[in-house]
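Student: I'll drop the sequence and a predicted model, then ask my questions.
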There are 2 protein chains.
Amino acid sequence: MNQATEVLAANQEFYRAFATPDLAAMDGLWAVDVPVTCVHPGWDALNSRDQVMESWRAILSGSPPPIRCQDEEVFVHGETAYVICHEVIDDNRLVAINMFVRREQRWLMVHHQASPMAVRAARRPANPAPPRRLH
Amino acid sequence: MNQATEVLAANQEFYRAFATPDLAAMDGLWAVDVPVTCVHPGWDALNSRDQVMESWRAILSGSPPPIRCQDEEVFVHGETAYVICHEVIDDNRLVAINMFVRREQRWLMVHHQASPMAVRAARRPANPAPPRRLH
């Protein structure tokens, strides 16, 4: 398996743990030897492993959304990699980044950030219009 | 200058180029030898340097927002690093990730993603409530 395929598999495992839900698997996906950060849609950043796992515990112990991941693109930079993908939840579409670091043949998460899209448009319009007031 | 300080300086230069606006400086901040990606608030992901720079040209040639960067935290993973920070635009507060790769003593951007915050709350509430319908 090449590195991009390994990273894609780790990303798929993240969404499997999210959708199942599987809190133990989610916990095992996140790095333990370096700081981790997480930005859920609309939330401020969480910047400790305790905060990040507490957020997943809250989300996965409730009624986790029927989330699906689509349109993954993998970018590998040595021992660090990230995936840009779409998260589809009912009629909503978000764009997410999931960042990983390589540790002993595994890719472990260090950052997740999902951003709501203002328009449920086709992927990457040729001339996207900037939302007003924000950049 | 240690690596975290160098990354922080690159992040500050990004917001200087954004607010000035300084399109030439913005162009020079982004990597050219690896793919770059960018998620403006509410937009889909842009996944080519041409698309990313076209978006900055559109944003900076209009009336760029009075953006300020606060609360930066730097995370270095070898030759890759990222900054989590707040973007303050008038009364709006966004949480952003800016990712960099090291090239010949410089840190160059490979990803920018800014996510609107649902609540203009103090940084990192102890028990953030997940927005409904999304995670």
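Tutor: Alright, I've got the coordinates.
Student: residues of stretch A:9-24 that come out buried?
Tutor: A:10, A:11, A:13, A:14, A:15, A:17, A:18, A:19, A:21, A:22, A:23 (16 or more other Cβ atoms under 10 Å in any protein chain shown). Quick note: C-beta positions are derived from backbone N, CA and C, even for glycine.
Student: Now do the lengthiest helix in chain A: distance to the chain's middle.
Tutor: Ordering each helix of chain A by length in residues (DSSP state H) puts helix A:3-19 first. In terms of Cα atoms, centre = their mean, to the nearest Å, the centre of helix A:3-19 is set 9 Å apart from its chain centre.
Student: Which strands or helices does it pack on?
Tutor: helix A:23-29, strand A:67-77, strand A:80-89, strand A:92-103, strand A:106-116 (3 or more Cβ pairs under 8 Å, 6 or more residues apart in numbering or on different chains; DSSP states H and E).
Student: Could you dump those into TSV and include mean pLDDT and distance to residue B:67?
Tutor: As requested, the helices and strands packed on helix A:3-19 are exported to TSV (pLDDT from 0 to 100; distance: least, Cβ to Cβ, whole Å):
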stretch	mean pLDDT	distance to residue B:67
helix A:23-29	98	33
strand A:67-77	97	26
strand A:80-89	97	23
strand A:92-103	97	20
strand A:106-116	97	17
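Student: Could you export those as JSON lines, including distance to residue B:87?
Tutor: Below are the helices and strands packed on helix A:3-19 laid out as JSON lines (distance: least, Cβ to Cβ, whole Å):
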{"stretch": "helix A:23-29", "distance to residue B:87": "28"}
{"stretch": "strand A:67-77", "distance to residue B:87": "23"}
{"stretch": "strand A:80-89", "distance to residue B:87": "20"}
{"stretch": "strand A:92-103", "distance to residue B:87": "16"}
{"stretch": "strand A:106-116", "distance to residue B:87": "13"}
